[in-house]
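In: Sequence first, then the predicted structure:
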Amino acid sequence: MNSFLFSKQQNSISLSSRKSNQIGTIPFNNDIHSISLYCSKHFLLHYNIGPFFFLYLLWFSIWIFHLGRAEYPELGVIITAIIALLNIITCLFCYWFVEIRAFMSCVPEKNPWKAEIVVVKPTENNGYPEMVPLHHGKNPHDNREQAWFIFQKCRYLYDESEKKTFKTIEYPLFNSFHSYLQSKGYQTQDETDQGIWNFGLNKMVIDIPKFIDLFIERATAPFFVFQVFCVLLWCLDEYWYYSLLTLFMLIVFEITLVQQQKRNMAMIR
């Protein structure tokens, strides 16, 4: 069970009149501008994989069987490099921009019970867009099917009974003072399990990312990609071993920064 520590302002937006997969054209609440629902596609159907796979096959068949590999070796290498470069750029754009990743690898879905992925676009100065999974499960208290997603440690539930909405968890914040004094907490295990299901555990978890995840994040940064591209261009020169040495130093430098970042996170934790 995921833990949720922070509650946010209770806001929701209706789904009943929406025909697209985007839920809301006005701010969802103070932190979320809009959310869009998607279903994932088979990886071969991703626009950054499937089309390029057939493009490679098409070009190799033309180069080998029609033009002749021995007659046009330079042309074959150049065209292959161009296709590979376009493929890499497309994959990087999918990594850098959530909207492009959703377009390339998902199909829009307006039904929350069929959707698998939620693209969350926050309001200005409240973080970056994220692609998060849409969870489905049964409430152990009344055995009702529920759908929810987690964004910035907050849980958003789909409430089918009230105008088809996603909304934050409703905490008992506005009860009478007398009710708080008379409260005895959860008396049975079923009540405890239901409370954990509704609100999560009362603890804060700071997850330290794995080394490989942090390194990929830094290695796919635009400036580092530009540096690697320059190194590859320098490899065309006769002093290619100096270029490889430069690339090795860049990788070692990024590894050092990642190790320092992990130590800082461990200290904060």
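Out: Arrived safely.
In: how about the residue lying closest to A147 once chain neighbours are set aside, secondary structure?
Out: Nearest residue to A147, sequence neighbours excluded (C-beta to C-beta, 6 or more residues apart in numbering): Y158, at 4.1 Å. To be clear about C-beta, it is placed using only N, CA and C from the backbone, and glycine gets the same treatment. Here Y158 takes the strand state, with states given by DSSP: H, G, I helix; E, B strand; the rest coil.
In: List the contacts of Y158.
Out: Each residue near Y158 by C-beta atoms under 8 Å, 6 or more residues apart in numbering is listed here: 112, 146-148, 164-166.
In: again, 10 Å this time
Out: Listed by C-beta atoms under 10 Å, 6 or more residues apart in numbering, the contact partners of Y158 are 12, 15, 23, 112-113, 115, 134, 136, 145-149, 164-167.
In: Over to L257?
Out: Counting by C-beta under 10 Å, 6+ apart, L257 has contacts 214-215, 218.
In: and it, backbone torsions?
Out: With angles defined as degrees, to the nearest 10, L257 sits at phi -70, psi -40.
In: Could you check how far it is from A221?
Out: 11 Å (C-beta to C-beta, to the nearest Å).
In: now swap in S176 and tell me
Out: For S176 relative to A221 (C-beta to C-beta), the value is 53 Å.
In: can you check E145 too?
Out: Distance from E145 to A221, by C-beta to C-beta: 41 Å.
In: Also E124?
Out: Look at E124 and A221: by C-beta to C-beta, they are 23 Å apart.
In: ok, back up a step: can you pick out the residue with more neighbours from E145 and A221?
Out: Neighbours per residue, other C-beta atoms under 10 Å: of E145 and A221, the larger number sits with A221, 14 against 11.
In: Now do the contacts for the more buried one.
Out: So A221 contacts 92, 96, 227, 254 (C-beta under 10 Å, 6+ apart).
In: Could you verify that the first one is part of a helix?
Out: Yes. Following the definition three-state DSSP, L92 is counted among the residues of a helix.
In: isn't it right up against I216?
Out: No. If you go by C-beta atoms under 10 Å, L92 and I216 don't touch, sitting 11.5 Å apart.
In: I appreciate the help and will end here.
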